[in-house]
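Enquirer: mind looking at a prediction? Sequence and model below.
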Amino acid sequence: MSERLFEMIIWFVAALSFVLIGTLIFDIGRLGTSGLSFDFLTQLPVNSGRAGGILPILTSTLIVLCITLTFTVPLGIACSLWLSEFVERKNAAAQLAKIGLDALAGVPSIVMGLFGHVFFSQFLGFGFSLLSGGLTLSCMALPIFIKTTVEGLTALDSDWRRQAAALGLSKTTLVWNVLLPASSPAIAAGLILALGRATAESAALIFTSGYVDRMPESVFDSGRVLSVHIYDLAMNVTGGDKAAYATALTLTALILLINVFVIWVSEKWLKGGALNL
Amino acid sequence: MFKLSSFFRLNLDLFWGRLFGILTAVVACLVGLILFFLVRESLPVFHELSWKDVFSKSEWYPMSGHFGMAGMVFATVAVAWGALLAATPFGIGCAVFMVFLAPRSLMIAMKMILAIGAGIPSVVFGLWGLTVLVPWIAEHQPPGASLLASIFILGLMILPTVALTSYSALLSLPSSLRQASLALGIGIKGHVLSVALPAAKNGLVAGMILALARAAGETMAVLMVSGNIAAFPSSIFDPVRTLTANIALEMSYATGQHRAALFASGLLLAICVLVMVVFAHFFQRHRIHE
């Protein structure tokens, strides 16, 4: 095989991959825009979603994401700080905790759905509800968020820790005023990854937050998220393809929006933190 | 006064340390809790049936008490390995292209499309497979929803993951390797095949194992394009049903033994995937250049 042939093969393989993924993205855009409109986002679904809009589904999705965030961010930051600041790197308990987190990240989403169904819906008695769904998603988001945040914290200049010790700052002050603001880009990156995964999730939510496409009235109501709506329209509703693609475009756009928003917030936070130092 | 304040300050540090430690322990024990509940819910099925029956037979008729999962286990393995084998050459090809061949603008475009592809939800891959790919396969070889369609969609889904992990594995190699190759007059082909890929081997393998775990655990995309018939496929154009799809399809109405059998398949799946994740970490830890 000559040098030239090898390069041609690589170019061909890369071009084919590019075209395949590009076609998928293009199709979602092309088929999605024909059904997408302002009315689609602000109306109730009619006729199992064939007509009307996705307002209750969009609302359920946002509520589930808020619940996920409420549990993931404080818990995740607490775990990351403990793993990176409060114990030695070689600490046996910390090593064990890291293995536990890695294993948690590997649990398939449908298995997580089974667990959420038994534990949150039945054992804790939350039933088919947005709360059960949000908690199940938190279990999936936590290991991703913690991993990225710990990496961000460990990458910080260790001189800062020594300087803080020389100035007699307490660990609490060091963490809140120096390390957390400085690692905000990593925290934001972790949030993007975790929220993106949570927004895309469907298998874990069928048996926890459920199928109901009514407007949820509280977090104990069942609600259908965007990804479950796409699945239902495509598989169980004949003639639902157009609405399915419009929903798919909404979902993909939502994930992109979350990325942009989190980057923007982290930049603001970083500036504030840097000035306060 | 000074002593008092420093006393409180120390205690505050201690307080946060303890609190954070307890919270970490709780989160780390979640995976144990998951396994515990899966075992608890799947126990009833083994009171009357043996492991051997469940995993050696492929008759899945839950209503009459036949819980043979062999066909679905085979489908899960075939779909996951098929997807990995299909995606790996493309993924590594993309990575080599971005690191060694692409002009800057194409490299950025490639990276962007891979990042977007990695963020697209699996249910959207399934939707595209169901409405574009399956009808296209059905034109040539009915019924369309098949093992082939599942492998294609899953392969496409893990392609960005394989490409991006391979890319970072290749980028993390020291530049001295490339300089040495250049100094010896070794071209791109020789450098990639005999230097870069072997040196990045552990990173590449770790990425592949993670992609395999993701493919084996995937539910919705496969469910939408596989045809969902619980039997051994006789060709690549036959419909199949994976373990994950089986859980998603039947869990909503399953009771008693049937429900326990579904939890048992979930447990089996979780254990397989956890073993793969541990393997991946073994490979990542033993990288040559760190």
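Expert: Looks like it came in fine.

Enquirer: give me the contacts around the helix or strand of chain B with the lowest mean pLDDT.
Expert: Least confident helix or strand, chain B: helix B:51-56 with a mean of 75, by mean pLDDT, DSSP states H and E. Residues outside helix B:51-56 that contact it (C-beta atoms under 8 Å, 6 or more residues apart in numbering or on different chains) are B:45, B:67-70, B:73, B:261, B:264. All C-beta atoms are positioned from the backbone trio N, CA, C, and that covers glycine.

Enquirer: pick out the residue of the stretch 101-250 of chain A closest to chain B.
Expert: Residue nearest to chain B within the stretch 101-250 of chain A: residue A:108 (2.7 Å; C-beta to the nearest C-beta).

Enquirer: from the contacts of helix B:51-56, which is closest to chain A?
Expert: Closest to chain A, out of all of the contacts of helix B:51-56 and judged by C-beta to the nearest C-beta, is residue B:264, at 10.7 Å.

Enquirer: so residue A:127, which of the three states?
Expert: Three-state call for residue A:127 (DSSP: H, G, I helix; E, B strand; the rest coil): coil.

Enquirer: ok, it to residue A:207 distance?
Expert: Computed as C-beta to C-beta, to the nearest Å, the residue A:127 to residue A:207 distance reads 11 Å.

Enquirer: common neighbours of the two, please.
Expert: In contact with both residue A:127 and residue A:207: residue A:121, using C-beta under 8 Å, 6+ apart.

Enquirer: those two: who's more crowded?
Expert: Neighbours per residue, other C-beta atoms under 10 Å in any protein chain shown: of residue A:127 and residue A:207, the larger number sits with residue A:207, 25 against 15.

Enquirer: what about the nearest residue to that one once chain neighbours are set aside, how many residues close to it?
Expert: Sequence neighbours aside, residue A:117 is the residue nearest to residue A:207 in space, at 3.9 Å (criterion: C-beta to C-beta, 6 or more residues apart in numbering or on different chains). Look at residue A:117: counted by other C-beta under 10 Å, it has 23 neighbours.

Enquirer: hang on, the earlier thing: looking at the contacts of helix B:51-56, state which has the most neighbours.
Expert: Tallying neighbours with other C-beta under 10 Å puts residue B:261 at the head of the contacts of helix B:51-56, with 27 neighbours.

Enquirer: reformat the contacts of helix B:51-56 as a markdown table; add pLDDT, distance to chain A and secondary structure.
Expert: As requested, these are exported to a markdown table (pLDDT from 0 to 100; distance: C-beta to the nearest C-beta, whole Å; DSSP: H, G, I helix; E, B strand; the rest coil):
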| residue | pLDDT | distance to chain A | secondary structure |
| --- | --- | --- | --- |
| B:45 | 82 | 14 | helix |
| B:67 | 83 | 16 | strand |
| B:68 | 83 | 20 | coil |
| B:69 | 85 | 15 | coil |
| B:70 | 85 | 20 | helix |
| B:73 | 89 | 14 | helix |
| B:261 | 88 | 12 | helix |
| B:264 | 89 | 11 | helix |
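
Enquirer: quick one, strands of the stretch 51-200 of chain B?
Expert: For the stretch 51-200 of chain B, applying DSSP state E, counting those that start in this stretch gives strands covering B:60-61, B:66-67.

Enquirer: what does the stretch 1-150 of chain A give?
Expert: With DSSP E, counting those that start in this stretch as the definition, the stretch 1-150 of chain A shows strands at residue ranges A:45-46, A:51-52.
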